[in-house]
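J.: Fold the following, please.
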Amino acid sequence: MKSKKNISKKRLQQHIDELVAIAKSVTPDVKVDIQVPGYEDQHAWVEICVPDEMEEQLYDRISQRAHDIFIDTGYDIGALVYEKSQLQENGAATLA
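T.: Next up is the predicted model:
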């Protein structure tokens, strides 16, 4: 397994903030959970909870941007968008 290049925590935070800003540009009703490092070899994992009618639209935009960040910079940020009702049904923890 090859090791990942050194990363800047400040730059990683900027990328995470950008993903969250994308969601907030569509709806201010956003809750976020961030893990650094992310799962397996990811630099970070971002879970975004939005109103039900916004999930599909935001998932595509955020997933595409996370992919572009990886291709352009090498920062591997996993991002997942949840509907609020989906979190409630699954009994998931409240996101901050």
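J.: Lowest-scoring secondary structure element of the chain by mean pLDDT?
T.: Sorting the helices and strands of the chain by mean pLDDT, DSSP states H and E puts helix 84-90 at the bottom, at a mean of 70.
J.: Angles on the backbone of the residue nearest to Met54 when sequence neighbours are not counted, please.
T.: Take Met54 and drop its neighbours on the chain: the residue closest to it by Cβ to Cβ, 6 or more residues apart in numbering is Thr27, 5.2 Å away. Just so you know, the C-beta spots here come from the backbone N, C-alpha and C atoms, and that holds for glycine as well. Taking degrees, to the nearest 10, you get phi -150, psi 140 for the backbone angles of Thr27.
J.: In this structure Thr27 contacts Pro51, no?
T.: Yes - taking Cβ atoms under 8 Å as the contact criterion, Thr27 and Pro51 are neighbours in contact, 6.0 Å apart.
J.: what's the distance between the residue nearest to Met54 and Ile16?
T.: Taking Cβ to Cβ, to the nearest Å as the criterion, Thr27 is separated from Ile16 by 18 Å.
J.: and these two? which has more neighbours close in?
T.: Set side by side, Thr27 and Ile16 show unequal neighbour counts under other Cβ atoms under 10 Å, the larger going to Ile16 at 22 against 13.
J.: And what about that one, helix, strand or coil?
T.: helix (DSSP: H, G, I helix; E, B strand; the rest coil).
J.: OK, contacts around it?
T.: Applying Cβ atoms under 8 Å, 6 or more residues apart in numbering, one finds that Ile16 lies in contact with 34, 44, 46, 77.
J.: make it 6 Å
T.: Contacts for Ile16 (Cβ atoms under 6 Å, 6 or more residues apart in numbering) come out as 44, 46.
J.: next one: Ile48
T.: With contacts taken as Cβ under 6 Å, 6+ apart, Ile48 has the following neighbours: 23, 32, 81.
J.: Next: Asp29.
T.: Taking Cβ under 6 Å, 6+ apart as the definition, contacts of Asp29 comprise Pro51.
J.: how far away is it from Glu18?
T.: The gap separating Asp29 from Glu18 is 19 Å, by Cβ to Cβ.
J.: repeat for Leu80
T.: Applying Cβ to Cβ to Leu80 and Glu18 gives a distance of 16 Å.
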